[in-house]
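A.B. asks: Quick one, what's the 3D model for this:
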Amino acid sequence: MTLVYLVQHGDKERLPGDPGLTATGRRQAEMTARWLWSAGLRTLSSSPLRRTRETADVIAAATGVSVQLDARLRERMNWNSGCSYEDFLAEWAHATRNRDFVPRGGESSRQAGHRLRAFLAALPARAAPVGVVTHGGITTDLLRNLLSDQALPS
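C.D. replies: Residues are numbered from 1 along each chain as shown. Below you'll find the predicted structure:
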């Protein structure tokens, strides 16, 4: 069995598109990096989105492990400039409640969870421990696929 640490990116700027980390997010990444260094991290993969790349870069600098970008780790949908923040949140909530709903410019919660599971299943055991820098939504999607909605606290 491969030991995997799922890492959610640090706090991000509240901007549409591909926002970076806030100062708080950078501090969160630094704390995570110190912990992963002490855990003996050997492999590091990241979503290609800016907030995850910035988090992964901090971890890579602290651990000496190079970052492998993988689009399978991206979030299920992203807030784009053609949509108000309120509309994005409403669509996100609808996609969360209805796991098979496919939002504009994204994929369903169920599809995203399957995508992350396929990524994890393909990891070689010799690479452990593995750090995977991704997003909170897709991590929840994975857990909902594996455990069921009733098993997760709301």
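A.B. asks: Please spell out which residues along the lowest-mean-pLDDT helix or strand in the chain are buried.
C.D. replies: Least confident element among the helices and strands of the chain, by mean pLDDT, DSSP states H and E: helix 85-97 (a mean of 90). By neighbour count, with 16 or more other Cβ atoms under 10 Å as the criterion, the buried positions of helix 85-97 are 88, 91-92, 95-96. Yep, even glycine has a C-beta here, placed from its N, CA and C like the rest.
A.B. asks: what do you get for stretch 129-138?
C.D. replies: Residues 130-135, 137-138 are the ones in stretch 129-138 that count as buried (16+ other Cβ under 10 Å).
A.B. asks: Now the terminal residues of that stretch, how far apart.
C.D. replies: In terms of Cα to Cα, to the nearest Å, the two terminal residues of stretch 129-138 are separated by 21 Å.
A.B. asks: returning to that earlier point: now do the next helix or strand after the least confident helix or strand of the chain: everything it contacts.
C.D. replies: Secondary structure here is assigned by DSSP states H and E; on that basis, the next helix or strand after helix 85-97 toward the C-terminus is helix 109-121. Judged by Cβ atoms under 8 Å, 6 or more residues apart in numbering, the contacts made with helix 109-121 from elsewhere in the structure are 2, 4, 45, 70, 72-73, 75-76, 95-96, 99-102, 107, 132, 134, 137-139, 141-146.
A.B. asks: I figured residue 20 was touching residue 51, is that so?
C.D. replies: Yes - under the criterion of Cβ atoms under 8 Å, residue 20 lies in contact with residue 51, with a separation of 6.1 Å.
A.B. asks: list residues touching both of those two?
C.D. replies: With contacts defined as Cβ under 8 Å, 6+ apart, the residues adjacent to both residue 20 and residue 51 are residue 12.
A.B. asks: More neighbours: those two, which one.
C.D. replies: Using other Cβ atoms under 10 Å, the more surrounded residue of residue 20 and residue 51 is residue 51, with 25 against 17.
A.B. asks: Kindly export the strand or helix carrying the more buried one (C-alpha atoms) in CSV.
C.D. replies: In the assignment (DSSP H and E), residue 51 maps to helix 50-63. The C-alpha atoms that make up helix 50-63 are tabulated as CSV, following Å, rounded to 0.1, in the frame of the first residue of the first chain:
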residue,chain,number,x,y,z
ARG,A,50,-1.4,28.5,-9.5
ARG,A,51,-2.5,28.1,-5.8
THR,A,52,-1.5,24.4,-5.8
ARG,A,53,1.7,25.1,-7.7
GLU,A,54,2.7,27.8,-5.2
THR,A,55,1.9,25.5,-2.3
ALA,A,56,3.9,22.6,-3.9
ASP,A,57,6.9,24.9,-4.7
VAL,A,58,7.2,25.8,-1.0
ILE,A,59,7.1,22.1,-0.1
ALA,A,60,9.6,21.2,-2.8
ALA,A,61,12.0,23.9,-1.6
ALA,A,62,11.8,22.5,2.0
THR,A,63,12.0,18.8,1.1
